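[1] I'll drop the sequence and a predicted model, then ask my questions.
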Amino acid sequence: MPIQPHTSLKPDAPVFDGWRARALAGWSGGWLAAVVLAAAGLWIGRAEVSVLSWAALAVGAAPALLGLAVAGRPAAWVSLVLVWSACAIGACLLTGGLTGPLAFWCLAPLAAAAATGEVRLAALGGAAALIAAGFAALGSVSLAPTPIASWTDYWLRLLSIASLAGGLGAGVVLLQRRQGQEARRGRAAEVRMERLLAEQPFVLAALDADGRVQSAHGPAAPGLDPERLPGRLLSDCAEGEQKALIEAAVRAALADGEAEVRFQPAGAASQPVALVLRRAAPGRLMAAMRSAARQAAREAELEEARAQAEARNAGKSRFLANMSHELRTPLNAIMGFSDIMRARLFGPMADKYAEYAELIHESGAHLLDLINDVLDMSKIEAERFELAREDFDAREAVSAVLRLMRGQADRARIQLRGVLPKEPLMVDADRRALKQITLNLISNALKFTPAEGQVTVDLHATDETMELVVSDTGAGIGPEDLKRIGRPYEQAGDAQARAAGTGLGLSLVRAFAELHGGQMTIDSKLGEGTRVTVSLPVLLRDEPASPPIPRPDGQPDNQATIH
């Protein structure tokens, strides 16, 4: 809805309407006619009228003449009310105050203000009428025909009334100026709000409980003109059978607090409109409407961007999988030849060459582990990884990893401790995946645990779930790193620790756990170590496992400890 600039009207002036000007002019003319007729009647009847009474009639006629002159100038109406007040005071004082025949003229300021139809001006007129009555009352007391010591005393009484009038007049002027400032600020805020409502991109409307538009603001949209909406049912804006959609949305918003719907506006069926309704108060709704064509185009763009991103991600995963496969073939050859050289199968070899062959084999083994991680993650992201499930004893897989990692733990002077059940723990799972889970968790724990620390691997059954818990006494993980780790290629720790891997260890653990229908949880605090729990619903037994029975030495009776 366009906003018309208010440059032709002063901010503190009453809002101008032609009928108000005509009403004020008519009232002023009627007052002047009444005064003239009264004066003519006194003259024709040859009544004994004092000079002061004639002067009072003249004073009473003056503001009426002024009212005829300024009726079409709303900015002068405030001054007109003040002139009415001053002239009423003068006329009353000239004819004896409140006891005189013109006492009711004290109400003239209020009548003049009421004739303009302005509420704020009427309030000013009422105040001016009270002031006029107060001065008339003072005049009745001060100027009454009582014995006066001297003419000096009489003039001092007049001076007191005049000084009081001047003070009250100044107060009225200051009050009017303050009201003008408040009016200017209020009008400026109103104009800013109207401009804001007009420039925002939605059509905003206030509705009653029946869905009838009370007011509407905003730019016109196809099929939606805010200037024509007030007084109409919002459902009348819809095309044909879609009226019921809006009616249902109104009922839902009244009941649930909010509702959303799309409809085809009448006369613009090709321009769908998105409608959002929200309950503002009991029996009152606020509606926001906007063309859904741009929104639909934006959603299509986002969907296309998402599809492209997924295609690029799938292509990356396929590339990594192919590249990893191509790298493993020559790498296996390098490791095989270096292993032959280490074993001196073709004869003796200098110690230095043997040392280099050992380094080549260790570096190749490390690189092969990294490539295997990348390959597994690429297959999982490409949804090409398939579990090779079988029935086996989970203790065997975990024990094999413990034996494999024992040497690394001893070289780092870290105690690697395993707590496994004494009885077989049969599971239906991927053996290689379980080994990879255990290997990755132990490797991470050893990497972040200082010398003389401890890493504990606990395997047990809880109800129908197998739980593998790896805890360490290392440095722990900070809150910020804890939010990131577990996602592919995210790492924690210092630069040296990050250089030792690809950031796929925990993400592979999480992925393997989820492929089995389980989950991985991490509990850690800086300086207090880390505890990683992998829960897999893979147990093969009918009844749930009984809880461990504590032994006198502190170890569960149905578990064995491996050092």
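    Received, thanks. What you see is a predicted model, and the numbers here were worked out from it, not measured in a lab.
[2] give me the neighbour count for residue 422.
    By other CB atoms under 10 Å, 11 other residues sit near residue 422. Bear in mind the C-beta positions are built from the backbone N, C-alpha and C, glycine included.
[3] distance of it relative to residue 459?
    11 Å (CB to CB, to the nearest Å).
[4] ditto for residue 193
    Look at residue 193 and residue 459: by CB to CB, they are 68 Å apart.
[5] more neighbours: these two, which one.
    residue 459 (22 against 11).
[6] tell me the secondary structure of that one, please.
    strand (DSSP: H, G, I helix; E, B strand; the rest coil).
[7] separation between it and residue 469?
    Between residue 459 and residue 469 the computed distance is 8 Å (CB to CB).
[8] also residue 42?
    Taking CB to CB, one finds residue 42 at 115 Å from residue 469.
[9] higher neighbour count, those two?
    residue 469 (18 against 15).
[10] for the closest residue in space to the more buried one that isn't next to it in sequence, what are its contacts?
    The shortest distance from residue 469 to any non-neighbouring residue, by CB to CB, 6 or more residues apart in numbering, is to residue 458 (4.3 Å). Contact partners of residue 458, counting by CB atoms under 8 Å, 6 or more residues apart in numbering, are 418-419, 467-471.
[11] report the buried members of the residues you listed.
    Buried members of the contacts of residue 458, scored by 16 or more other CB atoms under 10 Å, are 418-419, 468-471.
[12] would you turn those residues into CSV with pLDDT and distance to residue 25?
    Shown next, in CSV, are the buried ones among the contacts of residue 458 (pLDDT from 0 to 100; distance: CB to CB, whole Å):
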residue, pLDDT, distance to residue 25
418, 93, 106
419, 93, 104
468, 95, 97
469, 95, 95
470, 95, 96
471, 94, 95
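[13] how about those residues in CSV, adding distance to residue 111 and secondary structure?
    Output for these, formatted as CSV (distance: CB to CB, whole Å; DSSP: H, G, I helix; E, B strand; the rest coil):
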residue, distance to residue 111, secondary structure
418, 103, strand
419, 101, strand
468, 95, strand
469, 93, strand
470, 94, strand
471, 93, strand
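[14] closest to residue 279 among those residues?
    The closest of the buried ones among the contacts of residue 458 to residue 279 turns out to be residue 469 (CB to CB; 50.4 Å).
[15] buried residues in the helix or strand containing residue 31?
    Assigned by DSSP states H and E, residue 31 belongs to helix 18-44. For helix 18-44, the neighbour count (16+ other CB under 10 Å) marks 20-21, 23-25, 27-28, 31-32, 35, 39 as buried.
[16] could I get those in CSV, plus columns for distance to residue 531 and pLDDT?
    Formatted as CSV, those follow (distance: CB to CB, whole Å; pLDDT from 0 to 100):
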residue, distance to residue 531, pLDDT
20, 82, 76
21, 86, 81
23, 86, 80
24, 87, 80
25, 91, 84
27, 90, 79
28, 93, 82
31, 95, 81
32, 99, 84
35, 101, 81
39, 107, 80
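[17] in TSV: those residues, plus distance to residue 427.
    Formatted as TSV, the buried residues of helix 18-44 follow (distance: CB to CB, whole Å):
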residue	distance to residue 427
20	92
21	96
23	96
24	98
25	101
27	101
28	104
31	106
32	110
35	113
39	119
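[18] farthest pair within those?
    Among those, 20 and 39 lie farthest apart (CB to CB), at 29.1 Å.
[19] low-confidence stretches in the stretch 151-300 of the chain?
    Residues of the stretch 151-300 of the chain meeting the criterion pLDDT under 70: 151-180, 268-270, 293-297.
[20] quick one: residue 231 and residue 212 touch, right?
    Yes. Using CB atoms under 8 Å, residue 231 is in contact with residue 212, at 7.1 Å.
[21] who has more neighbours out of these two?
    residue 212 (18 against 10).
[22] need phi/psi at that one.
    Main-chain dihedrals, residue 212, degrees, to the nearest 10: phi -90, psi 140.
[23] what does residue 517 give?
    Backbone torsions for residue 517, taken as degrees, to the nearest 10, come to phi 80, psi 10.
[24] do you have the helices of this protein handy? List them.
    Using DSSP state H, the helices of the chain run over 18-44, 51-70, 77-94, 108-116, 119-142, 151-199, 243-256, 292-343, 351-381, 394-411, 431-447, 479-484, 495-499, 505-515.
[25] let me see the domain layout of this structure.
    18-196, 203-294, 296-381, 389-562 (automatic domain parsing).
[26] show me what contacts residue 387?
    429-430, 433, 515-516.
[27] ditto for residue 425
    Per CB under 8 Å, 6+ apart, neighbours of residue 425: 393-395, 459-461, 466, 539.
[28] rerun that using 7 Å as the cut-off
    393-395, 459, 461, 466 (CB atoms under 7 Å, 6 or more residues apart in numbering).
[29] and the pLDDT at it?
    According to the prediction, residue 425 has pLDDT 93.
[30] which two among the contacts of residue 387 are spaced furthest apart?
    Among those, the pair separated by the greatest distance (CB to CB) is 429 and 515, at 9.7 Å.
[31] gap between residue 116 and residue 31?
    With distances taken as CB to CB, residue 116 is found 14 Å from residue 31.
[32] can you give me the neighbour number for residue 130?
    15.
[33] how close does the residue nearest to residue 469 get to residue 464?
    In terms of CB to CB, residue 458 sits 18 Å off from residue 464.
[34] how close does residue 432 sit to residue 386?
    As judged by CB to CB, residue 432 and residue 386 stand 12 Å apart.
[35] what about those two, which has more around it?
    Counted by other CB under 10 Å, residue 432 and residue 386 do not tie: residue 432 has more neighbours, with 14 against 9.
[36] phi, psi of the residue nearest to the more buried one when sequence neighbours are not counted?
    Leaving aside its chain neighbours, residue 432 sits nearest to residue 388 (7.0 Å; criterion: CB to CB, 6+ apart). In terms of degrees, to the nearest 10, the main-chain angles of residue 388 are phi -100, psi 80.
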